[in-house]
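Engineer: sharing a sequence plus its predicted fold:
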Amino acid sequence: MDKNYNMSITFDDIPVHGSVAGEISRKDIVDFILSATKKHDLPSMVGFVNMGKLKEGEKNHEEVVDEWVSQGGMLGNHTYSHLDLREVSAQEFVCDIRKNQELIVDKKNNTNFFRYPYLLEGDSYEKLVYIKNYLDSNGYKVCPISVDFLDFLWNEPVAWCIKNNKYSNIDKLKELYIKTALCKINSAKEISLKYYKRNINHVMLLHAGIATAIFFNDLIDEIKNEGVNIVNVQDSMQDPCYMISPLIVSKKGRNHLMKTAFIHEEDLSSYPQVPRSLINEIGYKK
């Protein structure tokens, strides 16, 4: 197994994801993430944006997007409304992509990267092909992921702990967060070796939420200790494994390695799962 290998880090759901708590604002969340990025001298990361979330009632959300850009973050399209493709037509979905692009196209560091909300690409063949044709004809590059540990599950427990002054719980949540992340990274390595006979260039999915903002600096320390070279996503996407992404009609979102396993008719349920109940048990402990 490779000791040193490449991985990129990407962020979904800018400017609004999950709850905020205490004096931590949406802008603070971005600042925490980007401060850790600078501290560790990481390459620019892509943040996938839903501009429709600017109108959710909280002030200054556009400032969050602008803050991300001003500190060197890149922007990708994540649809205007973070639509669930199981609930809308392909035509509605494409209109939402276009609407989002109109609002970010003139911003600095805008890219042609796109990511499907919930990693859902189509629950019918017609939807899948219609949307893929639109993305291809408009020059979008769908940004894959190979590492996902559902970091968003820590947001509400962390927010609850802050509101209730349970800071020792936050330390325990951080320990579990990092342990789970490393476990999923190692699982991705094993799956990669199984299907590709090598360790591919990995892409990690994180979310711009309060938990990851607080834990990100420590997470990077531990990832680097594992021998990971953090590179920009453009470099990772040059890996041949991402050149051809299998078209899978499904009502379930799958990352790249999960799709690879699916077409091989393999079951990944034996690999470690994210400990949802333990997260809540620690997070909401009185």
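Structural biologist: On my side now, so go ahead. Numbers count the residues shown, from 1 in each chain.
Engineer: low pLDDT regions in this structure?
Structural biologist: 1-3, 55-60 (pLDDT under 70).
Engineer: ranges for the helices of the stretch 151-286 of the chain?
Structural biologist: For the stretch 151-286 of the chain, applying DSSP state H, counting those that start in this stretch gives helices covering 155-163, 167-196, 210-225, 233-236, 256-263, 276-283.
Engineer: neighbouring contacts of the last one?
Structural biologist: By that I understand helix 276-283. By Cβ atoms under 8 Å, 6 or more residues apart in numbering, the residues outside helix 276-283 that reach it are Leu150, Leu153, Trp154, Glu156, Pro157, Val158, Trp160, Cys161, Asn169, Lys172, Leu173, Leu176. (Each C-beta comes from the backbone N, C-alpha and C, glycine too.)
Engineer: now Gln101: how far from Val231?
Structural biologist: Gln101 sits 26 Å away from Val231, going by Cβ to Cβ, to the nearest Å.
Engineer: residue contacts, Pro272?
Structural biologist: Cys183, Lys184, Ser187.
Engineer: again but with Ile170, I slipped
Structural biologist: Val158, Cys161, Ile162, Ile214.
Engineer: how about 7 Å then?
Structural biologist: Val158, Cys161 (Cβ atoms under 7 Å, 6 or more residues apart in numbering).
Engineer: check Phe32 too.
Structural biologist: Going by Cβ under 7 Å, 6+ apart, the list of residues near Phe32 reads Ala213, Ile214, Phe216.
Engineer: and Leu182, by the same measure?
Structural biologist: Leu182 neighbours (Cβ under 7 Å, 6+ apart): Glu222, Glu226.
Engineer: now do 10 Å
Structural biologist: Phe149, Leu219, Glu222, Ile223, Asn225, Glu226, Val228 (Cβ atoms under 10 Å, 6 or more residues apart in numbering).
Engineer: just the strands in this structure please.
Structural biologist: With strands called from DSSP state E, the chain shows them at 5-14, 46-49, 74-77, 110-114, 141-142, 147-148, 202-207, 228-230.
Engineer: buried stuff in the second one?
Structural biologist: Translated: strand 46-49. Val46, Gly47, Phe48, Val49 (16 or more other Cβ atoms under 10 Å).
Engineer: ok, the residues you listed vs Asp84, which is closest?
Structural biologist: Taking Cβ to Cβ as the measure, Phe48 is the one of the buried residues of strand 46-49 closest to Asp84, at 15.5 Å.
Engineer: can you give me the neighbour number for the nearest residue to that closest one once chain neighbours are set aside?
Structural biologist: With sequence-adjacent residues excluded and distances taken as Cβ to Cβ, 6 or more residues apart in numbering, Phe48 is closest to His78, at 3.6 Å. Neighbour count for His78, taken as other Cβ atoms under 10 Å: 29.
Engineer: do the same with Val30
Structural biologist: With other Cβ under 10 Å as criterion, Val30 counts 26.
Engineer: is it true that it touches Trp68?
Structural biologist: Yes: the criterion here is Cβ atoms under 10 Å, and Val30 meets it with Trp68 at 5.2 Å.
Engineer: what is in contact with the two at once?
Structural biologist: Joint contacts of Val30 and Trp68 (Cβ under 10 Å, 6+ apart) are Phe11, Ile14, Pro15, Gly47, Ala208.
Engineer: among the residues you listed, which one lies nearest to Ser192?
Structural biologist: Phe11 (22.2 Å).
Engineer: check the gap between that closest one and Thr37 for me.
Structural biologist: Separation of Phe11 from Thr37 (Cβ to Cβ): 10 Å.
Engineer: Ala213 now?
Structural biologist: 12 Å.
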